[in-house]
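Trainee: Below are the sequence and a predicted model; questions follow.
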Amino acid sequence: MCGIAGIIYRDGSQHPIGDEMTRMLQSMKHRGPDSTGYALYGAENGDNGNSLVMRYKLADANTPRDFDFEERLRRHRTEVETRLAALGADVQEVEEETPYAFRVSFDYDGDLKLLADFVEDIPEAEVLSLGRSLEIIKDLGDAASVHDQYGLSSFNGTHAIGHVRMATESEVDIAGAHPYWAYPYSDVAVVHNGQLTNYFMWRRRLERAGRRFMSECDSEIIAVYLAEEMTNGATLEEAMDKSLDELDGVFTYIAVTKDELGVAKDELAAKPLVLYESEDLVALASEEIAIRAIVDHEIETYDPYEREVLVWQR
Amino acid sequence: MAAVGEQRITYDARGLAEPFADVPKISEIDGEQARFDAKELTTRQINLELRWLLYEEGVKEVEISNPGSKHSLGVGILTRCRIRFTGSLGYFGCGLIDGPEIHITGRVGWSACENMMSGVVVVERNAGSLTGAALRGGDVVVKGRVGARSGIDQKGGTILVLGSAGSMTGFMMQRGRIVIGGDVGPGLGDSMYDGTIYVAGTVKSLGIDCVPGEWSDADTEFIERKFGIYGLGKPPEFQKFVCGKVLYNYDKLEPSERKLVL
C-alpha cells in the first residue's frame, strides 16, 4: 500500500520540517510499517557554490553482525573519506548518525557521478543523497523511531517529502526504502505509491545509458528517469509530464528539487492523494489525516484528477 | 480460548494490533439528542460511542464535532436517525448504512457511503474517489467535487454531485442514477449494465457501452425533485447517458425480487 507525503513552504523561510514530516508519516503508519524515509531540504550548505552534503550508508540495521562487522565498517568509512580526498573534495565534517549511516559535508566542484560511483565502489556503500540542500534519511521502522534515531527534531528547512513503506516489490532494507535520490542529479528525490509495470524495460534502457540502480524496487525507476530527462534539459514539470506517457502502471509520485515540489498521478488515478493549498503552505499526502497532523483546523482539500502534474515553487 | 477477564488482542488485515477500546460514554445527552467531541477519541471509540447512543440510549439525533478526517466513521448504522459530523471524514465514511440521515460539514475521503442501503448523506465540501461505490439505495449528495470511479458498481440509489467528477464515473454501474453538475473525466459509464447518468458540464469521453440517452419528462421531474429536496436551487441543463446495449442474460431484478418471481 505505502503512504507518501509532501510539504513546501512558499515563503522560502526555514520551518521545522523534520518534526512536521514525522507527524505526517506517523499518522500514516498503518499504510506501511516496514520502513520510513525523508527527503529534507534545509539551508544550502556553505556559501561558495561548491558545498555539498552527502548521506551514505555502509550497512543496514538488519545486516548480520558477523565477527568482523565493526572492523569492516570502520575500514569502509575510512575508505570513503580517503576517496573523497583523492577526488579533491575538501571534507568539512563527518557525522555518524547511526553505526552504519553517515552525513558528510564537503566542498567539491568536480563530476558528481564520478564521486558517487567512486564511493559506491566500496563494498556495501550506498550514496543515499547528494546535493547542496537535499538530505535523504531512511531506515527500517516507523517515523517516530527513524526521527529519534537520526535526531530530526532539529532539522529546519523549506520543503520535504516522506514515505512509509509496505514492502511488495523488493526486500525490507534501506535500499528498498524511499525516497530515492535521482542519481547522479544533485538535489532531486522521489517518493512513490503504486506499481510500475514496464520497470524492466526502463531499467535496461537506463542502465544502458549509464545510470545505476541500488535496489530491485520499481520506484527507483522514477527518480532515475527524471534525472535522465533533466540531464537532457527538461524542467521538473516537463519531465514529470513526459513520465505519464512513458511509465506504465498505477502510480502517484512526488518529486522534489531544491526549489520545487511536484506531484503526478497516472491516467487511472488509482492511487490516492489529498491536496491542501494555502497562501503560505502546500501539503499533500495519501490520506487527509496526515495533513491534519500539521494543520489543526478545518481546511479545504481535494483529490487531484487523472493525468495531473502539479508543481509548486518554494 | 481466552480466559475469563482476559482482553484478547485483535489484528487488522496487515497484522497491526488494534487498540482495545471501551465505550467512552462522554456524550452530553438531552432526551433524544446527544453530542460529543471526537478530537481525542480513536476511530473505534467514536464508533462505539455512536452505537451506544443510538442502540442503547435511545438517542435519535447525534452531533459529532472534530472527527479529524479519521477513517471508517459512522459505518454500519442500521437504524433511522440523524447524525451530523462538524468537520471532515477520512476513508470509508458512512459505509454499509441502512436508514440514517447524515450531514457532514467538511469533506470525505475515498469510498464514502460504500454499500449504503438507504438513507441520506449530504457532504458540504468535496469527496474522494469511489464515492458511492456499490451503492444500493438512498441519496448521496456532494456539494463539491468527487474523485475518480464514483458510482462504481452502483446498484441503486442516487449520487448527486454539484461539482466535477473524475475518470470512469459510473464504471460498471448496474442500476440507479448519477447526477454530475460539473464536468466529468474520461471513460464515463464505462462497461455500465444499466442505470442513468446526467451530466451538466463537459464529458471528456464516454466509456465502452455508454451512449447519450433520450430525455423524457420523467428525467426533468426527477432532477427538479432532487434539487428541490436538498435546496440546491434551479438545476442546470443536463445531458443524459445510458447503457447502449442489453447484456446477455441480464435483468433488473434485485435478488429479493427474483425470489418473488420464482
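Mentor: Looks like it came in fine.
Trainee: and chain B, which of its residues are near chain A?
Mentor: B:12, B:14, B:16, B:68-71, B:87-88, B:90-91, B:106-107, B:109-110, B:125-126, B:128-129, B:144-145, B:147-149, B:166-168, B:185-186 (C-beta under 8 Å from any C-beta of the partner chain). The C-beta positions use only the backbone N, C-alpha and C, and glycine is treated the same way.
Trainee: wait, is B:Arg51 part of a helix?
Mentor: Yes - according to DSSP: H, G, I helix; E, B strand; the rest coil, B:Arg51 belongs to a helix.
Trainee: and it, what does it touch?
Mentor: B:Ile77 (C-beta atoms under 8 Å, 6 or more residues apart in numbering or on different chains).
Trainee: Tell me how far it lies from B:Arg44.
Mentor: According to C-beta to C-beta, to the nearest Å, B:Arg51 stands 11 Å off from B:Arg44.
Trainee: Walking through chain A, point out its helices one by one.
Mentor: For chain A, helices defined by DSSP state H occupy the ranges A:17-26, A:69-86, A:112-120, A:143-150, A:199-208, A:220-231, A:236-246, A:288-292.
Trainee: A:Gln92: how many residues sit nearby?
Mentor: A count of neighbours around A:Gln92, defined by other C-beta atoms under 10 Å in any protein chain shown, yields 14.
Trainee: pLDDT at it, what is it?
Mentor: Among the per-residue scores, A:Gln92 holds a pLDDT of 92.
Trainee: related to what we said a few turns ago, could you redo the helices of chain A as CSV and give each row distance to chain B?
Mentor: Listed next are these as CSV, based on distance: least, C-beta to the nearest C-beta, whole Å:
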stretch, distance to chain B
helix A:17-26, 12
helix A:69-86, 30
helix A:112-120, 34
helix A:143-150, 15
helix A:199-208, 24
helix A:220-231, 21
helix A:236-246, 13
helix A:288-292, 4
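Trainee: out of these, deepest packed?
Mentor: Per residue and on average, the most neighbours among the helices of chain A fall to helix A:288-292, with a mean of 26 (mean count of other C-beta atoms under 10 Å in any protein chain shown).
Trainee: model confidence over it, on average?
Mentor: 94.
Trainee: just stretch A:69-82 next, same as before
Mentor: On average, stretch A:69-82 scores 95.
Trainee: Which residue does the stretch 101-250 of chain A have closest to chain B?
Mentor: Ranking the residues of the stretch 101-250 of chain A by distance to chain B (C-beta to the nearest C-beta) places A:Met166 first, at 7.2 Å.
Trainee: For A:Asn45, list the residues it contacts.
Mentor: Counted by C-beta under 8 Å, 6+ apart, A:Asn45 has contacts A:51-53, A:105, A:132-133.
Trainee: can you rerun that using 10 Å?
Mentor: Applying C-beta atoms under 10 Å, 6 or more residues apart in numbering or on different chains to A:Asn45 gives the contacts A:51-54, A:92, A:105-107, A:131-135.
Trainee: If any of those residues are buried, put those into a PyMOL selection.
Mentor: Restricted to buried positions by 16 or more other C-beta atoms under 10 Å in any protein chain shown, the PyMOL selection for the contacts of A:Asn45 reads:
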select buried, chain A and resi 51+52+53+54+105+106+107+131+132+133+134+135
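Trainee: Kindly reformat the contacts of A:Asn45 as CSV containing distance to A:Asp303.
Mentor: Converted to CSV, the contacts of A:Asn45 look like this (distance: C-beta to C-beta, whole Å):
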residue, distance to A:Asp303
A:Ser51, 40
A:Leu52, 37
A:Val53, 35
A:Met54, 37
A:Gln92, 44
A:Ser105, 40
A:Phe106, 43
A:Asp107, 44
A:Gly131, 31
A:Arg132, 34
A:Ser133, 30
A:Leu134, 28
A:Glu135, 30
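Trainee: quick one, what contacts A:Glu124?
Mentor: A:57-60, A:63, A:72-73, A:76, A:100.
Trainee: what's the spacing between it and B:Gly244?
Mentor: Taking C-beta to C-beta, one finds A:Glu124 at 61 Å from B:Gly244.
Trainee: give the contact list for the nearest residue to A:Glu229 once chain neighbours are set aside.
Mentor: Ranked by C-beta to C-beta, 6 or more residues apart in numbering or on different chains and with sequence neighbours excluded, the top spatial neighbour of A:Glu229 is A:Ala239, at 3.7 Å. Going by C-beta under 10 Å, 6+ apart, A:Ala239 touches A:182, A:188, A:222, A:225-233, A:255, A:262, A:264, A:309.
Trainee: How far off centre is stretch A:6-13?
Mentor: 17 Å (C-alpha atoms, centre = their mean, to the nearest Å).
Trainee: er, stretch A:97-111 actually
Mentor: Stretch A:97-111 has its C-alpha centroid displaced from the chain centroid by 16 Å (C-alpha atoms, centre = their mean).
Trainee: just to revisit the earlier point, in PyMOL, how would I select the buried members of the residues of chain B next to chain A?
Mentor: For the buried members of these, the matching PyMOL selection, counting by 16+ other C-beta under 10 Å, is:
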select buried, chain B and resi 68+69+70+71+87+88+90+91+106+107+109+110+125+126+128+129+144+145+147+148+149+166+167+168+185+186
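Trainee: Give me the subset of the residues of chain B next to chain A that lies in helices.
Mentor: Those of these lying in helices (DSSP H): none at all.
Trainee: interface residues of the stretch 51-200 of chain A facing chain B?
Mentor: A:Met166 (C-beta under 10 Å from any C-beta of the partner chain).
Trainee: now the stretch 51-200 of chain A, which segments are flagged as low pLDDT?
Mentor: A:169 (pLDDT under 70).
Trainee: ok, which stretches of it are strands?
Mentor: A:51-57, A:90-96, A:101-107, A:126-131, A:134-140, A:159-165, A:180-181, A:189-196 (DSSP state E, counting those that start in this stretch).
Trainee: Save these as a markdown table, and put in distance to B:Met116 too.
Mentor: Supplementary listing: these in a markdown table, determined by distance: least, C-beta to C-beta, whole Å:
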| stretch | distance to B:Met116 |
| --- | --- |
| strand A:51-57 | 48 |
| strand A:90-96 | 55 |
| strand A:101-107 | 49 |
| strand A:126-131 | 46 |
| strand A:134-140 | 40 |
| strand A:159-165 | 30 |
| strand A:180-181 | 41 |
| strand A:189-196 | 27 |
